[in-house]
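Undergrad: Predicted model and sequence follow; I will ask about them next.
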Amino acid sequence: MKQTSSDGGDLGGGTPREVADKPTKGLADVVAASTALSDIDGKAGRLFYRGYDIHDLAGRTTFEETAHLLQRGSLPSRARLADYGAELARGRTLGTLVERDIPEIAERQAPMEALRTLVSLAGADDPDKDSNAPEANLRKAARLTAQQPILVARYHAARTGATLPEIDPELSIAGNFLLQITGRRPERRAAEIFDTCLVLHADHTMNASTFAARVCAATLSDMHSAIVAAIGTLKGPLHGGANEQVMRTLEGLDPRGVAQAVRDRLAAGEKIMGFGHRVYKTEDPRATHLRRMSEELAEASGDDTYYRMSREMEEVVLAEKHLYPNVDFYAATVYHYLGIPTDLFTPVFSVSRMSGWTAHVIEQHADNRLIRPDSEYIGERDQKWAPIGER
Ligand SMILES: CC(=O)SCCNC(=O)CCNC(=O)[C@H](O)C(C)(C)COP(=O)(O)OP(=O)(O)OC[C@H]1O[C@@H](n2cnc3c(N)ncnc32)[C@H](O)[C@@H]1OP(=O)(O)O
Ligand SMILES: O=C([O-])CC(=O)C(=O)O
């Protein structure tokens, strides 16, 4: 976008005024920030975290290593990973405000609303709450990443009345999350698959929730405030909320009438959740992994109905609309087969994306400028004011 002033005047310093571009609806193709965190090639369907191809990371790198890569800049050595793991373990402890309010929040708020509130409360409890210094931000990023799965598990236990299993220090973040949500120690392969899901969702350039976090951080607000903005943004069904909607769609379809039902919905102008993407014009590389994992889990479960229905939906949407599944589509059945309740699918997304959001806040604070775009005025002009009695 060209630089303009809103009154059409000179921008100062002798720079000649340029005419405003027509705004791009939804800021499509507008470069809103520089980042060294992730990169997408939308035509080729490729995704990189700090230069590493997602296909090299998925299934070979743990979520903890990925979070370290994003927040601290490198894939860790064993020693660094051990230090970071110890920091995450210490960071899991919740503060008194959060502890006090979880039961009531669980009673009154839906999962993503609850997380938004709980992260805000965690900000009040955070020992670094008054600092945006780089070291404080690194510590806050680790604590937020460690606490997010615990918050989801504690919320779920509070609303169901279940006794929460103790964290098992032998298990990863992924393994412990499955343990606490399902109440059973996960099988090794289930924990591996879920860990890969967390890796696949960790960061994704200037997606809506990350952008929201960066806008907030760019006012030099604090990390918890930026994350609250991000959680509220992830919640919507056009973004992270789509994974839950995918499952609800599958549950609402007759397995024998999938193709016709999808065609009817498309003909009626409805969007099919889990398809389409602003940046990818081909298969989302994350969907390739998620489809494979969904198939594996479906076979292992002995009932592959939802997987088969998903494949059928995919064929119809591609044929009718030339749209590909995005990350949310096969994530839905993967989480379902792993025993995660449907209304926790979007919170699971936030468990992973916390690593990327916090890294973006660190990056924004490290080289900050207020994010304040312009707008195109399309309202009335030259209105004549009248006193209230004459309107
Ligand atoms: C983690 C994530 O956030 S991934 C995305 C998760 N969101 C979803 O799955 C929701 C469904 N998908 C969508 O709504 C969109 O594809 C988005 C929001 C992901 C991308 O949106 P945009 O780039 O703004 O595309 P937009 O919504 O303008 O769609 C362009 C055209 O494709 C159509 N289209 C896009 N997605 C879909 C869909 N899922 N089903 C049917 N039609 C669709 C639109 O109706 C529109 O058609 P038109 O030009 O005839 O009006
Ligand atoms: O990049 C986007 O717009 C949405 C997305 O896929 C993500 O946030 O993972």
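TA: Received the coordinates, thanks. Predicted, not measured: the structure shown is a model, and the values here were computed from it. Ligands and ions are numbered 1, 2, ... in the order given.

Undergrad: can I see the domain layout of the chain?
TA: Per automatic domain parsing, the structural domains of the chain span 55-238+351-366, 242-337.

Undergrad: of all those domains, which lies closest to ligand 1?
TA: Between ligand 1 and the domains of the chain, the shortest gap by Cβ to the nearest ligand atom is with domain 242-337, which sits at 2.3 Å. Using the backbone N, CA and C atoms, a C-beta is placed for each residue, glycine as well.

Undergrad: Hmm, Met313 is touching Val258, no?
TA: Yes: Met313 lies in contact with Val258 (Cβ atoms under 8 Å); the separation is 6.0 Å.

Undergrad: between these two, which one's more packed in?
TA: Met313 (24 against 20; other Cβ atoms under 10 Å).

Undergrad: Give me every residue in the protein lying close to ligand 1.
TA: 26, 207, 238-240, 242, 266, 271-278, 321, 323, 326-328 (Cβ under 6 Å from any ligand atom).

Undergrad: go again using 8 Å as the cut-off
TA: Residues of the chain that fall close to ligand 1, judged by Cβ under 8 Å from any ligand atom: 25-26, 28, 201, 204, 207-208, 234, 237-243, 245-246, 266, 269-278, 284, 317, 321, 323, 326-329, 349.

Undergrad: I'd guessed Ile105 sits against Tyr155; true?
TA: Yes: between Ile105 and Tyr155 there is a contact under Cβ under 8 Å: 7.1 Å.

Undergrad: what residues do these two have in common as contacts?
TA: Listed as contacting both Ile105 and Tyr155 by Cβ atoms under 8 Å, 6 or more residues apart in numbering are 114, 118.

Undergrad: from the residues of the chain next to ligand 1, which ones fall inside helices?
TA: 208, 234, 242-243, 245-246, 266, 317, 321, 327-329, 349 (DSSP state H).

Undergrad: Put the buried members of those residues into a ChimeraX selection.
TA: To isolate the buried members of those in ChimeraX, using 16 or more other Cβ atoms under 10 Å:
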select :208,234,242,243,245,246,266,317,327,328,329,349
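
Undergrad: before we move on, back to that, output the domains of the chain as TSV; include the columns distance to Glu376 and mean pLDDT.
TA: Formatted as TSV, those follow (distance: least, Cβ to Cβ, whole Å; pLDDT from 0 to 100):
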stretch	distance to Glu376	mean pLDDT
domain 55-238+351-366	19	98
domain 242-337	21	98
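
Undergrad: Make CSV from these and add distance to Ala32 to it.
TA: As requested, those are arranged in CSV below (distance: least, Cβ to Cβ, whole Å):
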stretch, distance to Ala32
domain 55-238+351-366, 5
domain 242-337, 13
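
Undergrad: ranges for the helices of the stretch 51-200 of the chain?
TA: Ranges of helices within the stretch 51-200 of the chain are 54-57, 63-72, 78-91, 96-108, 111-125, 134-160, 173-182, 188-200, based on DSSP state H, counting those that start in this stretch.

Undergrad: so which of these comes closest to Phe48?
TA: Of all the helices of the stretch 51-200 of the chain, helix 54-57 sits nearest to Phe48, with 6.8 Å by Cβ to Cβ.

Undergrad: Work out the gap between that closest one and the centre of the chain.
TA: How far helix 54-57 lies from its chain's middle: 18 Å, per Cα atoms, centre = their mean, to the nearest Å.

Undergrad: ditto for stretch 333-350
TA: Computed by Cα atoms, centre = their mean, the chain-centroid distance of stretch 333-350 equals 13 Å.

Undergrad: Same question for it: list its buried residues.
TA: For stretch 333-350, a neighbour-count test (16+ other Cβ under 10 Å) marks 333-338, 340-342, 344-350 as buried.

Undergrad: Tell me which entries of those lie within helices.
TA: Residues of the buried residues of stretch 333-350 located in helices (DSSP H): 333-337, 345-350.

Undergrad: export those residues to a markdown table and tack on distance to Arg214?
TA: Below are these laid out as a markdown table (distance: Cβ to Cβ, whole Å):
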| residue | distance to Arg214 |
| --- | --- |
| Thr333 | 32 |
| Val334 | 29 |
| Tyr335 | 27 |
| His336 | 32 |
| Tyr337 | 34 |
| Phe345 | 25 |
| Thr346 | 20 |
| Pro347 | 22 |
| Val348 | 23 |
| Phe349 | 18 |
| Ser350 | 16 |
